[in-house]
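Enquirer: Sequence first, predicted coordinates after that:
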Amino acid sequence: MNFKKLIVLTLVLTVAMGGTALAKTEITFWHAMSGELGKAIDYLTEQFNAQNPDIHVESIYQGRYSDLNTKLVASVSARTTPTIAQVYENWTDAFIRNDLLVPLEDYMHLTEEEYNDYIEVFRGMNSWDGKLYTIPYNKSNWILHYNTEFVPEAPKTLEEFLQISKDITAATNGETKGFGMRPTLELFHAFLYLNGQDFLDEDLNVTFNGPEGVAAMELMLGMLEDGSALLIDGYENEAFGDRMIAMYIGSSAGMPHVENSVGDKFQFKTAPLPAGVRPGAPFMGTNIALFKAANEDQRKAAGEFIRFITNTENTVYFAIKTGYLPVTYSGLNSAEYQKWLADNPHKAAIANLDAFGYGYWQPKIAAWEQARSSIGQAVEKAFLGVMSIEDALNEAAFEVEEAIEEMLSQRY
């Protein structure tokens, strides 16, 4: 072989080897996080890409959650699903029933310690068939917000809560109501659970229209009738900031809105929900799913990325930047997060460790989107007086049973 051919061959091999070395595994991450939340995701994505030159993650904002869901469904039909995406539990169930996901747990290589570090209630929200199909990401809980001028100490029980609401209304001649509420499924769920019941039992039988559900609705409507609560047209944080109400129950994810509404007008704090026949802490938020269409390299890369964004350091970073919760015990207990809580005492309840022990969530079944609509409409009908409590709940129960029956009858 002459010298010229040897140089050409060397160059070809160098380029080929260089191309192999520079080859990246490309994965896409669809999400619904905008504003500061989106900036936090983009920052973590950039950090991961910088630390993993053989992988490139593209985080893509897809609009609101409803937009994201619509686009995910469309991508299934078009066979253009992303590698990973934010999903609610009922979306996950639908995707699993259609054999569209693979368990993320299988590609994260978690030790037993790492697995158990994910908060137990979040593991429950993300497990199907005993596996973590999805991994918790932006999680929040519902807590009691209260104005300390009217409520020096948060009520521990429903009885205390009801009495304090009456006392505040009486002391202010109704200028400030004790409690503010909107006719939402979430608020109904809170009082339903505290009364000892849930929407469905473990066998997917409807239970929300029983005595406990009626009692939950009677409690809510009773507060409006006796004047201890204000029916709010709008968002509770606005009425709270205007001193129209002294307490309300809302998502910890809405904390920035509460802070903006209150400003420096008064001091407020947060507390776990007052206990009824049992305590309860409703948790919500989305998780991250891995789509089956991804090849093996993409699945492994996705596993590495999810490990990275949910490790102790980064789950704390995301929590502090966004107001969501760390998804691991190590994150909750980290010195950085505990200092942040100490510096923001009004946020203490969002990370109340006791509450994590009795956390619960909405049903994680594919039929839930339709079911929650029926239950939400029932709550509104009862509030508006269009139907009696019993009739409204029974009508919703019939519709939910039909939705579940249709879900179970489908062949996937």
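Expert: Nice, thanks for sending it over. Values in this document were obtained by computation on a predicted structure and should not be read as measured data.

Enquirer: contacting residues around the nearest residue to Ala23 once chain neighbours are set aside?
Expert: Distance criterion Cβ to Cβ, 6 or more residues apart in numbering; nearest residue to Ala23, sequence neighbours excluded, is Asp54 at 7.5 Å. C-betas here are computed from N, CA, C, even on glycine. Counting by Cβ atoms under 8 Å, 6 or more residues apart in numbering, Asp54 touches 23-25.

Enquirer: so what pLDDT did Asp54 get?
Expert: On the pLDDT scale, Asp54 is placed at 97.

Enquirer: Equivalent analysis for Lys5, please.
Expert: 49.

Enquirer: continuing past the helix or strand bottoming out on mean pLDDT in the chain, what's the next helix or strand?
Expert: Lowest by mean pLDDT, DSSP states H and E among the helices and strands of the chain is helix 3-22, with a mean of 45. The first helix or strand that comes after helix 3-22 along the chain, using DSSP states H and E, is strand 25-31.

Enquirer: residues of that next one that come out buried?
Expert: By neighbour count with 16 or more other Cβ atoms under 10 Å, strand 25-31 contains the buried residues 25, 27-31.

Enquirer: rewinding a little: so among the contacts of Asp54, where is pLDDT lowest?
Expert: Out of the contacts of Asp54, that is Ala23, at 83.

Enquirer: and that residue, how many residues sit next to it?
Expert: Ala23: 10 surrounding residues under other Cβ atoms under 10 Å.

Enquirer: Show me what the longest strand that the chain contains is packed against.
Expert: For the chain, the strand with the greatest residue count under DSSP state E is strand 135-147. When contacts are defined as 3 or more Cβ pairs under 8 Å, 6 or more residues apart in numbering; DSSP states H and E, strand 135-147 sits against helix 120-126, helix 236-241, strand 247-251, strand 268-271, strand 281-291, helix 312-322.

Enquirer: Nearest to Tyr360, out of the ones you listed?
Expert: Nearest of the helices and strands packed on strand 135-147 to Tyr360, taken as Cβ to Cβ: strand 281-291 at 6.0 Å.

Enquirer: show me where pLDDT drops low in the stretch 301-412 of the chain?
Expert: Counting by pLDDT under 70, the stretch 301-412 of the chain shows low-confidence ranges at 411-412.

Enquirer: brain fart, the stretch 1-150 of the chain
Expert: 1-22.

Enquirer: what's stretch 178-186 in contact with?
Expert: Contact with stretch 178-186 is made by 142, 150, 161, 164-169, 187, 220, 223-224, 228-232, 236, 239-240, 244-249, 282, 372, 375-376, 379-380, 382-384, as judged by Cβ under 8 Å, 6+ apart.

Enquirer: Tell me the buried residues within the residues you listed.
Expert: 142, 150, 161, 164-166, 168-169, 187, 220, 223-224, 228-230, 232, 236, 239-240, 245-249, 282, 372, 375-376, 379-380, 382-383.

Enquirer: Ala171: neighbouring residues, count only.
Expert: Using other Cβ under 10 Å, Ala171 has 13 neighbouring residues.

Enquirer: Restricted to strands, list the buried ones among the contacts of stretch 178-186.
Expert: 142, 229-230, 247-249, 282.

Enquirer: Which two among those are spaced furthest apart?
Expert: The span of those, defined through Cβ to Cβ, is set by Leu230 and Pro282 at 21.8 Å.

Enquirer: that older thread, can you check which of the helices and strands packed on strand 135-147 gets nearest to Gly63?
Expert: Closest among the helices and strands packed on strand 135-147, using Cβ to Cβ: strand 281-291, at 13.9 Å.

Enquirer: Relative to the closest one, what are the paired strands and their orientations?
Expert: strand 84-87 (antiparallel), strand 101-102 (antiparallel), strand 135-147 (antiparallel), strand 359-360 (parallel) (DSSP bridges).

Enquirer: Show me what the next helix or strand after it is packed against.
Expert: Helices and strands here follow DSSP H and E; after strand 281-291, the next one along the chain is helix 296-309. Packed against helix 296-309 by the contact rule (3+ Cβ pairs under 8 Å, 6+ apart) you find strand 25-31, helix 35-51, strand 55-61, strand 84-87, strand 281-291, helix 312-322.

Enquirer: swap the cut-off to 10 Å and go again
Expert: Counting contacts by 3 or more Cβ pairs under 10 Å, 6 or more residues apart in numbering; DSSP states H and E, helix 296-309 packs against strand 25-31, helix 35-51, strand 55-61, strand 84-87, strand 135-147, strand 281-291, helix 312-322.

Enquirer: What are the buried residues along the second one?
Expert: Across helix 35-51, burial judged by 16+ other Cβ under 10 Å covers 37, 40-41, 44-45, 48-49.

Enquirer: what would those look like in JSON lines with distance to Thr83?
Expert: Below are the buried residues of helix 35-51 laid out as JSON lines (distance: Cβ to Cβ, whole Å):
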{"residue": "Leu37", "distance to Thr83": "20"}
{"residue": "Ala40", "distance to Thr83": "20"}
{"residue": "Ile41", "distance to Thr83": "15"}
{"residue": "Leu44", "distance to Thr83": "16"}
{"residue": "Thr45", "distance to Thr83": "13"}
{"residue": "Phe48", "distance to Thr83": "13"}
{"residue": "Asn49", "distance to Thr83": "14"}
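
Enquirer: Please identify which pair of those residues lies farthest apart.
Expert: In those, two members sit farther apart than any others by Cβ to Cβ. They are Leu37 and Asn49, at 19.0 Å.

Enquirer: now, among the ones in strands among the buried ones among the contacts of stretch 178-186, which is nearest to Phe122?
Expert: Closest approach to Phe122 among these (Cβ to Cβ): Pro282, at 13.0 Å.
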